[in-house]
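S.K.: Only the shape, not the letters, is given here:
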């Protein structure tokens, strides 16, 4: 199952990535961060070094996945959920 994390640069996003990367049936294909686009995820989350070579990307580059995890700032999900629904049949919101 392919998964993406929107807002992967924060604490919740980092812990979510740690769990997802250990899950045998999940393949994390995308992690977004507007301010860290192009940087390796492990530069922000050193505990993920040697576990992934994923790089943060801008949300504009997001591709459809099976499940979309949201770890966005407080109140942002409610403003953007309509746009995000086109990217995955299942959305799990862990935002503040």
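M.R.: Done, it's in. The structure presented is a predicted model; accordingly, all values stated were derived computationally and were not measured. Residues are numbered from 1 along each chain as shown.

S.K.: which stretches of this structure form helices?
M.R.: Under the criterion DSSP state H, the chain carries helices at the ranges 11-22, 41-44, 76-84.

S.K.: Bridging across strands, which residues link to the residue nearest to residue 81 when sequence neighbours are not counted?
M.R.: Once flanking residues are discounted, residue 81 sits nearest to residue 91: 7.5 Å by C-beta to C-beta, 6 or more residues apart in numbering. Bear in mind the C-beta positions are built from the backbone N, C-alpha and C, glycine included. Beta-bridge pairing for residue 91 (DSSP bridges): residue 68.

S.K.: ok, and for the lowest-mean-pLDDT helix or strand in the chain, which residues are buried?
M.R.: The helix or strand of the chain with the poorest confidence is helix 76-84; it has a mean of 89 (mean pLDDT, DSSP states H and E). By 16 or more other C-beta atoms under 10 Å, the buried positions in helix 76-84 come out as 77, 84.

S.K.: on contacts alone, who are the packing partners of that helix?
M.R.: Packed against helix 76-84 by the contact rule (3 or more C-beta pairs under 8 Å, 6 or more residues apart in numbering; DSSP states H and E) you find strand 67-70, strand 90-93.

S.K.: Nearest approach to residue 78 belongs to which of these?
M.R.: Comparison of those against residue 78 by C-beta to C-beta identifies strand 90-93 as nearest, at 9.4 Å.

S.K.: The residue nearest the centre of the chain and residue 41: what is the separation?
M.R.: Centroid-nearest residue in the chain, with C-alpha atoms, centre = their mean: residue 5, separated by 1.3 Å. Computed as C-beta to C-beta, to the nearest Å, the residue 5 to residue 41 distance reads 9 Å.

S.K.: Between those two, which contacts overlap?
M.R.: 17, 31 (C-beta atoms under 8 Å, 6 or more residues apart in numbering).

S.K.: who are the neighbours in contact with residue 5?
M.R.: 13, 16-17, 20, 28, 30-32, 69-71.

S.K.: Thanks again, I'm all set now.
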